[in-house]
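**Student:** all I have is the shape, not the residue letters:
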């Protein structure tokens, strides 16, 4: 037992001694105090313009040095912080900023909207500066586009004679987007009459350039012709000075909803020209021999569709067109039409007389003049005797036309019976129909709005059928009426049935009728133009032909002896062909003539 106690005492002494030696050899240290900005859990931030008040980021730091309650947060576009920007302060160990606040700071730092931008951030307390952390941030645009040209001093008078010249060039800048921006911004130019607050603007997002549709972009130019159309669509009045507001609309299409920005408007002064066609052109001048330089007897060329036309006697002298009777200020000279892109007959040239009138240089005589405002041509041709219309007849097809129906088997013809006037008896019932300009061609139809929208006054017995094609609907008492379409006075009227001719038209077929020949492919039609009178233009050659009362029916032919035996006085240029069928033969000078058969006075004339 004594031995055991001694051993235990010795062991305790050893342990104490060993422990003392170990304590002297271990050096225990504390970590150095630091001021550390903790690395955020995210490094890529996409700012959402739809949520400007949401949190963009939160940073947290650990300050073991200052025990401060005043911290400043700085950002810079690089890690050197050569010119840092203070973006906010905090009295705690964290800092939060909203989407809208952070977006404005990034743009100020030079970020391009919607492009990744590296930004460095640190915290400062007195002289102590934390480490830096970095983010890649995509901002959104805040600034609106800015128009630099034109400004409020701009004014322009548009001219019909310079349709392809530049009228206005609009230039703008989008300051939040760099030259190399990868963002697709769709720009539009909006035009509105001043003081309308762009309630119903004319918006142009693309233009036809070299037959291609191209999106508008700065700068964007408009010609006189195109800009004039914009002004009229915006509600400005032709031939009057008006105020126009212009602004730029910038749209970015995004999954979260399109972002739209508008520039401040610019107000300019503009004068558009009228595109409405005068109902009549008047010709005055010594070259128009029946008129002279006086308003006593001007030559009148009525408008039919888009064409002015009429017979005119011309001598080698000057004349001019006018849109208003007895108003010298409405004159349109040679350069007016030349500048507007018209192709002008070679027998007409610039008179170079100080007023640049037209000069007729051809063989003096009577001509048929046409000014086609659609094709932009001025032509001279042989005079026209008898009715003058854009088409020989209109065709009526539809269930409302008793003798036609919706088929080309038996369309009803409404012949040209006067200058710009088509008329004839038509059997009508309560159903729909349509007018056509070319037989068997559905694409040439004109429906109710086609006439109504062009200013026609339409008989109350007709209405819009509202049948998907907006055809005419006859709503009156079924029966036969005298239907008239007047393209000059723009009226469609119904009247009592008139006794006119036994047949709606006669057909001419034969080798002597140049455009027909002995075939039913293209017979020449002589429409009924009055009580018992058939008349029309025919190109005749020295050969035989015959009249027929029914298209494609050889049995309905009427030859020379039939008319002769019924007491008709027949023009000396027509004789009995003595060809077995006793057809007519033309023996005059080949050319185009007006052939007239008057069944009342029993005459056949070629003029």
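**Tutor:** Perfect, thanks for sending it. None of these values were measured; they are calculated from a predicted model. Numbers count the residues shown, from 1 in each chain.
**Student:** only C-alpha atoms from now on, for both contacts and neighbour counts.
**Tutor:** Fine.
**Student:** quick check: next helix or strand after the one helix or strand residue 311 maps to?
**Tutor:** For residue 311, the enclosing helix or strand under DSSP states H and E is strand 307-314. Going down the chain from strand 307-314, the next helix or strand is strand 318-322, by DSSP H and E.
**Student:** what lines up beside that following strand in the sheet?
**Tutor:** Each strand paired with strand 318-322, and its direction, by DSSP bridges: strand 280-284 (antiparallel), strand 331-332 (antiparallel), strand 358-360 (antiparallel).
**Student:** got the buried residues for the helix or strand just after the first one?
**Tutor:** Spelled out, that is strand 280-284. Once the chain leaves strand 280-284, the next helix or strand it forms, by DSSP H and E, is strand 299-304. By 16 or more other CA atoms under 10 Å, the buried positions in strand 299-304 come out as 299, 300, 301, 302, 303, 304.
**Student:** contacting residues around strand 299-304?
**Tutor:** Here strand 299-304 makes contact (CA atoms under 8 Å, 6 or more residues apart in numbering) with 278-284, 288, 290-291, 308-310, 312, 389-390, 420, 487-488.
**Student:** ok, now stretch 390-398?
**Tutor:** Counting by CA under 8 Å, 6+ apart, 304-305, 307, 404-408, 411-416, 420, 422, 431-439, 527 sit against stretch 390-398.
**Student:** before we move on, back to that, would you write a PyMOL line that selects the buried entries of the contacts of strand 299-304?
**Tutor:** To isolate the buried ones among the contacts of strand 299-304 in PyMOL, judged by 16+ other CA under 10 Å, type:
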select buried, resi 279+280+281+282+283+284+288+290+291+308+309+310+312+389+390+420+487+488
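**Student:** show me what the strand holding residue 311 is packed against.
**Tutor:** Contact here means 3 or more CA pairs under 8 Å, 6 or more residues apart in numbering; DSSP states H and E; on that basis strand 307-314 packs against strand 299-304, strand 365-372.
**Student:** sheet-wise, list the partners of the first one with their directions.
**Tutor:** If you go by DSSP bridges, strand 299-304 pairs up with strand 280-284 (antiparallel), strand 307-314 (antiparallel).
**Student:** may I have the beta-bridge partners of the closest residue to residue 42 other than its chain neighbours?
**Tutor:** Nearest residue to residue 42 in three dimensions, chain neighbours excluded: residue 135, at 7.9 Å (CA to CA, 6 or more residues apart in numbering). With DSSP bridges applied, residue 135 shows beta-bridge pairing to residue 119.
**Student:** what helix or strand is residue 417 on?
**Tutor:** Counting by DSSP H and E, residue 417 is part of strand 412-418.
**Student:** next, the buried residues of that strand.
**Tutor:** 412, 413, 414, 415, 416, 417.
**Student:** distance of the spatially closest residue to residue 111 that is not a sequence neighbour from residue 86?
**Tutor:** Closest residue to residue 111 apart from its sequence neighbours, by CA to CA, 6+ apart: residue 117 at 5.9 Å. Applying CA to CA, to the nearest Å, the value for residue 117 to residue 86 is 18 Å.
**Student:** among those two, which residue is more densely surrounded?
**Tutor:** Ranked by neighbour count (other CA atoms under 10 Å), residue 117 and residue 86 place residue 117 first, with 20 against 16.
**Student:** gap between that one and residue 39?
**Tutor:** 18 Å.
**Student:** same thing with residue 395?
**Tutor:** Distance of residue 395 to residue 39, computed by CA to CA: 84 Å.
**Student:** those two: which is more packed in?
**Tutor:** More crowded of residue 395 and residue 39, by other CA under 10 Å: residue 395, with 22 against 14.
**Student:** point out where the chain drops to low pLDDT.
**Tutor:** 1-31, 176-182, 209-211, 255-257, 385-387, 499-500, 530 (pLDDT under 70).
**Student:** could you pull out the helices for it?
**Tutor:** Counting by DSSP state H, the segments of the chain that form helices are 2-25, 99-108, 224-233, 334-339, 448-452, 560-565.
**Student:** which one is residue 588 nearest to, not counting chain neighbours?
**Tutor:** Spatial nearest neighbour of residue 588, chain neighbours left out: residue 573 (4.9 Å); criterion: CA to CA, 6+ apart.
**Student:** does that neighbour really touch residue 590, like I thought?
**Tutor:** No: in this structure, residue 573 is not within contact of residue 590 by CA atoms under 8 Å, at 10.3 Å.
**Student:** need the contact list for the closest residue to residue 200 other than its chain neighbours.
**Tutor:** Take residue 200 and drop its neighbours on the chain: the residue closest to it by CA to CA, 6+ apart is residue 192, 7.1 Å away. Residues near residue 192 by CA under 8 Å, 6+ apart: 198, 200, 201, 202, 234, 235, 244, 245, 246.
**Student:** now do the contacts for the third one.
**Tutor:** Which is residue 201. 190, 191, 192, 234.
**Student:** phi and psi next, for residue 236.
**Tutor:** Dihedral pair for residue 236: phi -70, psi 160, per degrees, to the nearest 10.
**Student:** and for residue 122, the neighbour number?
**Tutor:** When neighbours are defined as other CA under 10 Å, residue 122 has 23 of them.
**Student:** I'd say it and residue 73 touch.
**Tutor:** Yes: taking CA under 8 Å as the definition, residue 122 is a contact partner of residue 73 at 5.9 Å.
**Student:** list the buried residues of stretch 116-127.
**Tutor:** 116, 117, 118, 119, 120, 121, 122, 123, 124, 125.
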